[in-house]
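**Student:** Turn this into a model:
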Amino acid sequence: MESRPLRYFVAVAEELNFARAAERLGISPPPLSRAIRQLEAELGVTLFERTTHSVALTPAGEVLLEEARIALDALQAAARRAQRAAAQERKLVLAVKADGDAGLLEPILERVAAEPGAVPVTVRLCGWQEQPRLLRLGEADAALVHEPFDRTGLDVETLFAEPRVAVLSAAHPLASRDRLGLADLGLRPGDLDRFIDRIRREGRDLAQLLTLIPLGDLVTLLPASVAARYPRPGVAYRPVEDAPPAVLSIAWPQQSRSTATAALIRAAVSVAEAVRARAGDVPDVRP
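**Tutor:** Numbering: from 1, shown residues only. Predicted structure coming up:
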């Protein structure tokens, strides 16, 4: 099967409209319709239920959409990796959310650089939960990423789990307490990941969060390591006793056979083990 009919199919499946899909692809609707019919004939299944007013995926179409996205990403990633391999200077790309490394990034880079014949590592700073996409597209070799995330096509090694703290204005009534529970923040354990994801997907980076919080406009939760590294006037950090820990992992493409990437992963695991071995009780984050 060629990649072109898969790209055509994905466009129609995402738009659920042949005219919009054709415009997106830069072709006219008739050849697009023919390509989809040929794909259905080749597979021996119906991919779309069509009426004069609507287009909907069949169960077979829903399965193919998921698999086609993976296949097209893999092709694009293979091309990018080949281009990078042909570059004069070999380097690894490690994707990291700025403020999302639990303090492990610099020790990991130092550990890798100390290895004989080490391949240089370039850090690519990215947005919230952008790392898995960069790995699947071949734009990064490995990534430090907080759970949960889409693991499709990736191998993962857990590095570090740390407590979460509530971050609130020092003038907030709850700031007078030494410790909090999720219920104090109007949350339940099952709500936490969605709550954090919603706040971070609004495009607020750490600097914005720590600017808004003293104004009383926002309360959030962050890993305890952030509290230790970013003390701010007007911001109070309080342990949340029943909050699930923030879990940091390193991820890489399942198909990777790079010995340099493997060395980077080993360095990350070794550094995390050393940090865990040194860790004692949760530090007092009260300013």
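**Student:** Strands of the stretch 101-250 of the chain, start to end?
**Tutor:** 121-126, 142-146, 154-162, 164-169, 220-223, 235-239, 246-253 (DSSP state E, counting those that start in this stretch).
**Student:** how about the third one: buried residues?
**Tutor:** Same thing as strand 154-162. Within strand 154-162, the residues that count as buried by 16 or more other CB atoms under 10 Å are 154, 156, 159-162. Every residue, glycine included, has its C-beta placed from N, CA and C.
**Student:** same deal with the fifth one?
**Tutor:** Residues of strand 220-223 classed as buried under the neighbour-count rule (16+ other CB under 10 Å) are 220-223.
**Student:** and if you look at the fourth one?
**Tutor:** Buried residues in strand 164-169, defined by neighbour count with 16+ other CB under 10 Å: 164-169.
**Student:** got the buried residues of strand 220-223 as JSON lines, with distance to Gln76 columns?
**Tutor:** JSON lines is the format used below for the buried residues of strand 220-223 (distance: CB to CB, whole Å):
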{"residue": "Thr220", "distance to Gln76": "35"}
{"residue": "Leu221", "distance to Gln76": "35"}
{"residue": "Leu222", "distance to Gln76": "34"}
{"residue": "Pro223", "distance to Gln76": "32"}
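**Student:** Tell me the one of those nearest Leu137?
**Tutor:** Nearest to Leu137 among the buried residues of strand 220-223, counting by CB to CB, is Pro223 at 26.7 Å.
**Student:** who does the longest helix along the chain touch, helix- and strand-wise?
**Tutor:** Longest helix in the chain, counting residues (DSSP state H): helix 59-85. With contacts taken as 3 or more CB pairs under 8 Å, 6 or more residues apart in numbering; DSSP states H and E, helix 59-85 sits against helix 3-15, helix 131-136.
**Student:** Good, wrapping up.
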